[in-house]
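Visitor: 3D, please:
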Amino acid sequence: MKKYLLTPGPVEVPPEVLQAAGRSLISHRCEEFSELFRRIEEKLHLLFESASPVVILPSSGTGALECAAVNFLSEKDKFISLSCGAFGDRFREIAERTGARGLYADFEPGAAPDAASAARLVYDNPEAAAILITHNETSTGVTAPLEEIISALPRTESSPLVIVDGVSSVGAIECLPEKWGVDVLCTASQKGLMTPPGLGLVWLSKRALERLSLRRSPSYYFDLKLHLKNMTAKSFANPYTPPVSLYFALEAALDLILKDGKEAWFSKRKKYARAFAAALEAAGFELFVKDPALRSPGLTAFFLKDGQNEAFRSRLSALGVTTAGGQGALSAKLVRAAHYSDWGERELSEIIFAMCAANETDAACPLKKALDLFGA
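Guide: Residues are numbered from 1 along each chain as shown. A predicted model of the protein is given here:
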């Protein structure tokens, strides 16, 4: 059996993407790079169903979140934060470092933020500069009902910007920022976009662009206006040296996602996640997220009923399957298995077989459930 990387980033990169990343380098100041950048932008527009600009940063997803924070928040501001896990907490910590004051709504791990709580906070604090929402919480395997939450918010020209952490959702889960009313969407290359780590992406709405024109970034590296100034009709460029190889890789990954239509891609990710979850339950594992509607298409969190999660992960690793443990208060209490890659029946079968072997359980029933669901 081949080795499998089930960590929630970096993820296994398809061969086509690895091959693209290995192309000979070109100058980032030549026409060829400008055209590459422009093609990526056009493909991101198809993915998001929006022609609004997407700034590409040489950074991880955390860098994209910090970029959003330093461009849209400052000491005089107030922001609202919804969190149901470690990455929601991280996003608010990043925002706090701008000196802005946060108003927090916390939700139980394994649950998701609800629209009513978000709307109440915005109604009570209309002067807030932004509301921060994590679309997919990989510390627990929860996908928040983002469209539902945003639709409940009061919307005026002066209402808080909706800034979304889509680091672990974009590419694996449908995310339509313009249609849903997002103002700033942050993501990165190393999860749903199946590209090696190193690129942060920031999508900007018309309202965000208007607010941006009135602000000054304290960061040169993450100055969105400086990046946008270099993305002109005449030439697409970065203000400084980008990781050129990753641009080749990102274009190849976007081609894979868009090849058969993104709807088919997202449907396959959902089917794989449902099949994987059903197999885990049949094998005697306990799923952490109880509501199937909130379970992430990108990652499944589960645990052993006897609590021996770390011993199980060690046995699984010896079989060639690498998973992640829990975070913070959930350390050693969870096993987290990502499934962002373009896997099919063979990969699903081999991973489930390894899970059952590491837990010393019969794989026949779990495998049947998984394959029946995945093939349905």
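Visitor: residues of stretch 30-39 that come out buried?
Guide: If you call a residue buried by 16 or more other CB atoms under 10 Å, then stretch 30-39 has these buried ones: 33-34, 36-37. The C-beta positions use only the backbone N, C-alpha and C, and glycine is treated the same way.
Visitor: Those: which two are farthest apart?
Guide: 34 and 36 (7.3 Å; CB to CB).
Visitor: sorry, back to before: okay, and which of the buried residues of stretch 30-39 map to strands?
Guide: Here DSSP state E is the test, and these give no hits in strands at all.
Visitor: Can you lay out those as TSV showing distance to residue 328?
Guide: Below are these laid out as TSV (distance: CB to CB, whole Å):
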residue	distance to residue 328
33	41
34	43
36	39
37	38
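Visitor: what's in contact with stretch 40-54?
Guide: 56, 170-171, 175-179, 185, 201-206, 209, 228, 231, 236, 247, 250-251, 254-255, 257-258, 262 (CB atoms under 8 Å, 6 or more residues apart in numbering).
Visitor: buried set for it?
Guide: Quick answer for stretch 40-54 (16+ other CB under 10 Å): 40-41, 43-45, 47-48, 50, 52-54.
Visitor: try stretch 196-213
Guide: Those would be 196-205, 207-209, 211-212, for stretch 196-213 by 16+ other CB under 10 Å.
Visitor: before we move on, back to that, which ones among the buried residues of stretch 40-54 map onto strands?
Guide: Short answer: those in strands (DSSP E) are residue 54.
Visitor: from the buried residues of stretch 40-54, which is closest to residue 292?
Guide: Nearest member of the buried residues of stretch 40-54 to residue 292, counting by CB to CB, is residue 47, at 25.5 Å.
Visitor: Which pLDDT value goes with the closest one?
Guide: Predicted confidence (pLDDT) for residue 47: 98.
Visitor: Okay, it and residue 232: tell me how far apart.
Guide: Distance of residue 47 to residue 232, computed by CB to CB, to the nearest Å: 22 Å.
Visitor: Next: residue 70.
Guide: Taken as CB to CB, the span from residue 70 to residue 232 is 23 Å.
Visitor: from the chain's centre, how far out does the lowest-mean-pLDDT helix or strand in the chain sit?
Guide: Ranked by mean pLDDT, DSSP states H and E, the weakest helix or strand in the chain is helix 364-375, scoring a mean of 92. Here helix 364-375 shows a centroid-to-chain-centroid distance of 27 Å under the convention CA atoms, centre = their mean, to the nearest Å.
Visitor: Stretch 100-108 now?
Guide: 20 Å.
Visitor: Buried residues, it. List them.
Guide: 100, 102, 105, 107.
Visitor: phi, psi of residue 336?
Guide: phi -120, psi 120 (degrees, to the nearest 10).
Visitor: Quick check: residue 271 touching residue 374?
Guide: Yes. The pair residue 271 / residue 374 is scored as a contact, 5.6 Å apart, by CB atoms under 8 Å.
Visitor: Among those two, which residue is more densely surrounded?
Guide: A direct count of neighbours by other CB atoms under 10 Å for residue 271 and residue 374 places residue 374 higher, at 21 against 16.
Visitor: Helix or strand: which one has the nearest residue to that one once chain neighbours are set aside?
Guide: The shortest distance from residue 374 to any non-neighbouring residue, by CB to CB, 6 or more residues apart in numbering, is to residue 275 (3.9 Å). For residue 275, the host element (DSSP states H and E) is helix 262-282.
Visitor: Buried residues of that helix, list them for me.
Guide: 262, 265-266, 268-280, 282.
Visitor: now do stretch 232-251
Guide: Buried, per 16+ other CB under 10 Å, within stretch 232-251: 236-238, 242-251.
Visitor: from those, which two are the most distant?
Guide: Checking those with CB to CB, the most distant pair is 237 and 249, at 18.7 Å.
Visitor: where exactly do the strands run in the stretch 101-250 of the chain?
Guide: 101-106, 130-134, 136-137, 142-143, 161-165, 184-188, 199-204 (DSSP state E, counting those that start in this stretch).
Visitor: helices and strands around the fourth one, which ones?
Guide: Other elements packing on strand 142-143 under the criterion 3 or more CB pairs under 8 Å, 6 or more residues apart in numbering; DSSP states H and E are strand 136-137.
Visitor: and the strand it packs on, what does it pack onto?
Guide: Against strand 136-137 (3+ CB pairs under 8 Å, 6+ apart) you get helix 86-96, strand 142-143.
Visitor: Figure out how far that strand is from the centre of its chain.
Guide: The mean C-alpha position of strand 136-137 is separated from the chain mean by 7 Å, CA atoms, centre = their mean.
Visitor: so what strands line up beside that strand?
Guide: strand 142-143 (antiparallel) (DSSP bridges).
Visitor: So residue 64: helix, strand or coil?
Guide: Put simply, residue 64 is helix when judged by DSSP: H, G, I helix; E, B strand; the rest coil.
Visitor: Chain neighbours aside, what residue packs nearest to it?
Guide: residue 200 (3.3 Å).
Visitor: Show me the helices in the chain, by range?
Guide: 15-21, 31-48, 61-72, 86-96, 115-124, 146-151, 177-180, 206-212, 224-229, 244-258, 262-282, 309-318, 345-358, 364-375 (DSSP state H).
Visitor: what's the closest of those helices to residue 329?
Guide: Here helix 86-96 is closest among the helices of the chain (CB to CB), at 9.0 Å.
Visitor: residues in contact with the closest one?
Guide: Residues contacting helix 86-96 (CB under 8 Å, 6+ apart): 62, 65-66, 69, 73, 79, 81-83, 102, 104, 130, 132, 134, 137-139, 165, 167-168, 327-328.
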